[in-house]
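**Q** Pasting a predicted model and its sequence here:
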Amino acid sequence: MSQLNQKGPFSPMTTTQPTTTITILGLGPGNINDLTLQAHTLLTQAAQQQHTVYFRTLIHPTVEPLKQLLPNLQIESLDHLYDASEDWSTLYQQIAQTICNRATQHVLIYAVPGHPMIGEASVQLILQMARERGLSTAIVAGLSFLEPVCSMLALDPFDANLQLVDATNLAALQSDEIPGKIIPTTPLLVTQVYNRRLASSVKLALSECYPDEWPVKLVRAAGVNHDEAVIEMPLFELDRNTFANHLSTLYVPPIDELTALRLPETLRYITMRLRRDPDGCPWDREQTHQSMIRFVIEETYEVVEALEENDMEKLAEELGDLLLQVYLHAEIARQDEDFMINDVYEQVNAKLIRRHPHIFGDVEVSDANQVLQNWEAIKRQEKADAGSQPQHESIFDGVPLALPALMIAEEYQKRAVKVGFEFRSIERVYAKLEEELQELRHAQTPEEQHEEIGDILFMVAKIARWHKTNAEDALRHANRKFRQRFQLMEETARQQGRELASYSSQEWRELWKMAKAALKARE
């Protein structure tokens, strides 16, 4: 039974009221005068009755004045567990076990700095463990560190939409997780920056979202008379001093939307600002979904080009350009009241969860082929549930007509093969290609030639499939190779001081051989 009440285990009414097994008491931020009346009463009763009070740590400014105020108070510290623990999670687990084990023998008070429910991981574990063991608990509130910190900063946390994060939790985040956890355009309070090493980890984490020179404030000993201090410094200096201690809290003021360049929200703001009426960009405001189709295609192929060149710096830039197209289309849709960028996130996140039941559910798969089979089955079920399943389904359904023609040809052929429509041997494929070449030679009209050339390209795609080669990739490779060779010939012509048109057929052949050999030597 867990309870929040005004009576502790040493109340005069304990003979007629149910006894609280564990009373968790807050000592306040550090000034003995901030100890609540209820906490003072319980500690006084414990001293009078010579009951031991368990303190998480004696490294707290309230402890020495409390000893002077209550000289008969019997204190048992859990500081020895800090040295015996491998990490923080292990430490808090050992503290919780120690307190709950003692509580099975007698009622007790467990005292912690500040407020028991704010920034006290050991308290959360004790409450959970006590529920599991059937031990009753009570919370005696204390003034937390937040009130004096906000007073020193003249900050209203609600008005400022203040973010609150524990320094240890922040330091444990991976670098790619941080922009999703921290919103640098709103104020941030990083609590319990207790030493220089942790300050260094906090600095590195915040550097993912803030400029190195961003001014921050380290608040020390908030609520402790004569020791309070607010030290302002650039972020990069946070670990270049010994200011951080067990009573330190870091305040990070917000940055402007256009400064938070590593934040997804900034891109949303920029696209909204570009399209804003009447003071947005005239060109951006004129764009529609239809007018931007070609840009989506162009940016997609620039991403492909960066991938083919294995240029990671270029890839990061081109992925950004492609992402901009997503945000611009989402902003156009928002202005037309069709959907928002949040709907885009929801659609793709929900789809990935649905189609990966072997990751996010209890489905088991043996290999990648089974994953693909499940994927297609789930897609079909999704269409059926949405009522979009065609009455007469075709094996070619779902192949986007906007794909490059060679890719469509390959996909059509691959799907046709699945139902048995295929040549029996590669020789028959070559024979069919020869037949199409002959038909092109005998074609008389431009229309006939156009059709036969299409048939030849279709057969070339089929030959590529037989050789387990992607025709689109092969042609892109050939294009890139031709461009590189021709550019070398252009460079040779410039070195010779000649115009390309001045070369004879024989000279062209020689130039081509030289360019081919030069590229071969580079490989």
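**A** Looks like it arrived, so ask away.

**Q** And the helices in the stretch 151-300 of the chain, which stretches?
**A** Counting by DSSP state H, counting those that start in this stretch, the stretch 151-300 of the chain has helices at residues 167-171, 178-181, 196-206, 264-274, 282-286, 293-309.

**Q** Would you mind putting the ones you listed into JSON lines with distance to residue 90 and mean pLDDT alongside?
**A** Every C-beta, even on glycine, is put in place using the N, C-alpha and C of the backbone. JSON lines is the format used below for the helices of the stretch 151-300 of the chain (distance: least, Cβ to Cβ, whole Å; pLDDT from 0 to 100):
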{"stretch": "helix 167-171", "distance to residue 90": "13", "mean pLDDT": "91"}
{"stretch": "helix 178-181", "distance to residue 90": "24", "mean pLDDT": "86"}
{"stretch": "helix 196-206", "distance to residue 90": "17", "mean pLDDT": "95"}
{"stretch": "helix 264-274", "distance to residue 90": "35", "mean pLDDT": "93"}
{"stretch": "helix 282-286", "distance to residue 90": "54", "mean pLDDT": "95"}
{"stretch": "helix 293-309", "distance to residue 90": "44", "mean pLDDT": "91"}
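
**Q** and those helices as TSV, adding mean neighbour count and distance to residue 88?
**A** Formatted as TSV, the helices of the stretch 151-300 of the chain follow (neighbours: other Cβ atoms under 10 Å; distance: least, Cβ to Cβ, whole Å):
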stretch	mean neighbour count	distance to residue 88
helix 167-171	19	6
helix 178-181	15	18
helix 196-206	19	10
helix 264-274	17	30
helix 282-286	11	49
helix 293-309	15	42
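
**Q** Of all the ones you listed, which one comes closest to residue 419?
**A** Of all these, the one in closest proximity to residue 419, counting by Cβ to Cβ, is helix 293-309 (30.3 Å).

**Q** hmm, who's touching that closest one?
**A** Identification of contacts with helix 293-309 by Cβ atoms under 8 Å, 6 or more residues apart in numbering yields 314-315, 317-319, 321-322, 324-325, 329, 402, 476, 480.

**Q** Identify whichever of the helices of the stretch 151-300 of the chain lies nearest to residue 21.
**A** Of those, the one closest to residue 21 (Cβ to Cβ) turns out to be helix 167-171, at 29.0 Å.

**Q** Name the residues that touch the closest one?
**A** Contacts of helix 167-171 (Cβ under 8 Å, 6+ apart): 88, 178, 181-182, 190-194, 198-199, 201-202, 205-206, 250.

**Q** how about a cut-off of 6 Å?
**A** Identification of contacts with helix 167-171 by Cβ atoms under 6 Å, 6 or more residues apart in numbering yields 88, 190, 192-193, 198, 201-202, 205.

**Q** so which of these would you say is closest to residue 111?
**A** Closest to residue 111, out of all of those and judged by Cβ to Cβ, is residue 192, at 17.5 Å.

**Q** hmm, back to that, who wins on neighbours among the contacts of helix 293-309?
**A** residue 329 (22 neighbours; other Cβ atoms under 10 Å).

**Q** now the nearest residue to residue 114 once chain neighbours are set aside, what's its secondary structure?
**A** Excluding the flanking residues, the one nearest residue 114 by Cβ to Cβ, 6 or more residues apart in numbering is residue 144, at 4.5 Å. The three-state assignment at residue 144 reads coil, by DSSP: H, G, I helix; E, B strand; the rest coil.

**Q** And the strands in the stretch 201-350 of the chain?
**A** 215-220, 229-234, 248-252 (DSSP state E, counting those that start in this stretch).

**Q** Which secondary structure elements does the last one sit against?
**A** The elements that strand 248-252 packs onto, with contact taken as 3 or more Cβ pairs under 6 Å, 6 or more residues apart in numbering; DSSP states H and E, are strand 188-191, strand 215-220.

**Q** And the last one, what does it pack against?
**A** The reference is to strand 215-220. strand 229-234, strand 248-252.

**Q** What separation do you get for the residue nearest to the spatial centre of the chain and residue 206?
**A** The geometric centre of the chain, computed from its C-alpha atoms, lies nearest to residue 177 (Cα atoms, centre = their mean), at 4.0 Å. Between residue 177 and residue 206 the distance is 13 Å, computed by Cβ to Cβ, to the nearest Å.

**Q** Residue 413 now?
**A** Distance from residue 413 to residue 206, by Cβ to Cβ: 53 Å.

**Q** Residue 299 now?
**A** Using Cβ to Cβ, residue 299 is found at 32 Å from residue 206.

**Q** ok, now residue 377?
**A** Residue 377 is 46 Å from residue 206, where distance means Cβ to Cβ.

**Q** deepest of the helices and strands packed on strand 248-252, which one?
**A** Highest mean neighbour count among the helices and strands packed on strand 248-252 (mean count of other Cβ atoms under 10 Å): strand 188-191, with a mean of 24.

**Q** And for residue 139, the neighbour number?
**A** Counted with other Cβ under 10 Å, residue 139 comes out at 20.

**Q** quick one: which helix or strand includes it?
**A** With secondary structure defined by DSSP states H and E, residue 139 is part of strand 137-140.

**Q** Likewise for residue 149?
**A** Per DSSP H and E: helix 146-153 holds residue 149.

**Q** for that helix, packing partners?
**A** Checked by 3+ Cβ pairs under 6 Å, 6+ apart, helix 146-153 has no helix or strand packed alongside it.

**Q** Show me what counts as buried in that helix.
**A** Using 16 or more other Cβ atoms under 10 Å as the test for burial, helix 146-153 gives 146-150, 152-153.

**Q** And stretch 125-143, by the same measure?
**A** For stretch 125-143, by 16+ other Cβ under 10 Å, it's 125-127, 129-130, 135-143.

**Q** now stretch 362-377
**A** Across stretch 362-377, burial judged by 16+ other Cβ under 10 Å covers 371, 374.

**Q** Identify all contacting residues around that stretch.
**A** Against stretch 362-377 from outside (Cβ under 6 Å, 6+ apart): 355, 357-358.

**Q** average model confidence for that stretch?
**A** For stretch 362-377, the mean per-residue pLDDT is 88.

**Q** what does stretch 473-480 give?
**A** 88.

**Q** Kindly report the same for stretch 340-354.
**A** On average, stretch 340-354 scores 94.

**Q** low pLDDT regions in this structure?
**A** The model of the chain has pLDDT under 70 over residues 1-18, 388-392.

**Q** helices and strands around the biggest helix by length in it, which ones?
**A** For the chain, the helix with the greatest residue count under DSSP state H is helix 471-496. Helices and strands touching helix 471-496, by 3+ Cβ pairs under 6 Å, 6+ apart, are helix 405-418, helix 446-466, helix 505-522.

**Q** The same query, at a cut-off of 8 Å, please.
**A** helix 293-309, helix 405-418, helix 446-466, helix 505-522 (3 or more Cβ pairs under 8 Å, 6 or more residues apart in numbering; DSSP states H and E).
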